[in-house]
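> when you get a sec, could you give me coordinates for this:
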Amino acid sequence: MGLEQVAFDLETTGFQVGDEVTVAGFALPMGCRVFLQTGGRDTRDVESAVQDASPVHVQVSTHGSERALLAAMTEFVGERLRGDDVLLVAFNGELWRSGFDLPFLRTRLSRSDVGWPFREMPYADLLPVVTNRFNTVGEDGDERSDLASVYETLCDGQYGDLDPFAGSEEAVTAYEEGRFADVVVHNVADVLRTRELGTLAERYCSKSDFKLKSLTPTRHE
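Okay, the predicted model is just below:
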């Protein structure tokens, strides 16, 4: 497509409007950049533990509050990801009338009074590309539509072994218990799986299948 895919994924304390972002991760060509909110709790050795578990380089920064995480993430996006050659991708990050990550992020940014980070940036959701253009029906006859199952079906599964959780809901409990390294490793697994699915789709699907949209807001501040 001529654009460099950057995969994005959030972890949160839940799904309600009052829940918070706990982790924001990006898969870049040279590794992963992850932002972790600690709620003021101790995070000694988190980055080293994550690096020991991950097959790629991971840079982790820790932040005492959700607002601090969002501000740092926004600064990173403005400095590193803006440009004509970057395409932000996610798996069910935002679809027409659905999706999770970007709608959740908009609410938390507005409540924290932090500006929208993804200006001048195109976005493509990989869920419809993968499920509409590949056969993802398992041996049991059920359609595979979640990230872990689709990835296991279509890819070699190396990043599935990285994930310490059987499902994303486990990340909520792990965060509450202060198991930050596990939550970050789960996020890293998700952004790496997303990036690999995006690369697969580039190899076998047309440009029009990606349904690119602009994330630039109509009002600039």
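> quick one, phi psi at Gly31?
The phi and psi torsions at Gly31 (degrees, to the nearest 10) take the values phi 140, psi -160.
> one more: Asp190?
phi -70, psi -40.
> residues contacting it?
The contact partners of Asp190, taken as C-beta atoms under 8 Å, 6 or more residues apart in numbering, are 9, 25, 91, 147, 163, 168. Every residue, glycine included, has its C-beta placed from N, CA and C.
> could you rerun that using 6 Å?
Asp9 (C-beta atoms under 6 Å, 6 or more residues apart in numbering).
> can you check Ala27 too?
Neighbouring residues of Ala27 by C-beta under 6 Å, 6+ apart: 7, 191-192, 195.
> just name the closest of the residues you listed to Leu126, please.
When the contacts of Ala27 are ranked by distance to Leu126 (C-beta to C-beta), Ala7 comes first, at 8.4 Å.
> how close does that closest one get to Ser65?
From Ala7 across to Ser65, the span is 25 Å (C-beta to C-beta, to the nearest Å).
> settle it for me: which of the two has more neighbours?
A side-by-side neighbour count of Ala7 and Ser65, using other C-beta atoms under 10 Å, places Ala7 first with 26 against 14.
> helix, strand, or coil at the more buried one?
Assigned by DSSP: H, G, I helix; E, B strand; the rest coil, the conformation of Ala7 is strand.
> can I assume it is in contact with Arg193?
No. Between Ala7 and Arg193 there is no contact under C-beta atoms under 6 Å: 8.3 Å.
> where along this protein do the strands fall?
With strands called from DSSP state E, the chain shows them at 4-12, 21-28, 31-37, 58-63, 86-90, 122-125, 213-214.
> and the ones you listed as CSV, adding mean pLDDT and distance to Thr173?
Shown next, in CSV, are the strands of the chain (pLDDT from 0 to 100; distance: least, C-beta to C-beta, whole Å):
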stretch, mean pLDDT, distance to Thr173
strand 4-12, 97, 12
strand 21-28, 98, 12
strand 31-37, 97, 16
strand 58-63, 96, 20
strand 86-90, 96, 23
strand 122-125, 96, 27
strand 213-214, 92, 34
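> which non-adjacent residue is nearest Pro217?
Spatial nearest neighbour of Pro217, excluding adjacent residues (C-beta to C-beta, 6 or more residues apart in numbering): Trp116 at 5.3 Å.
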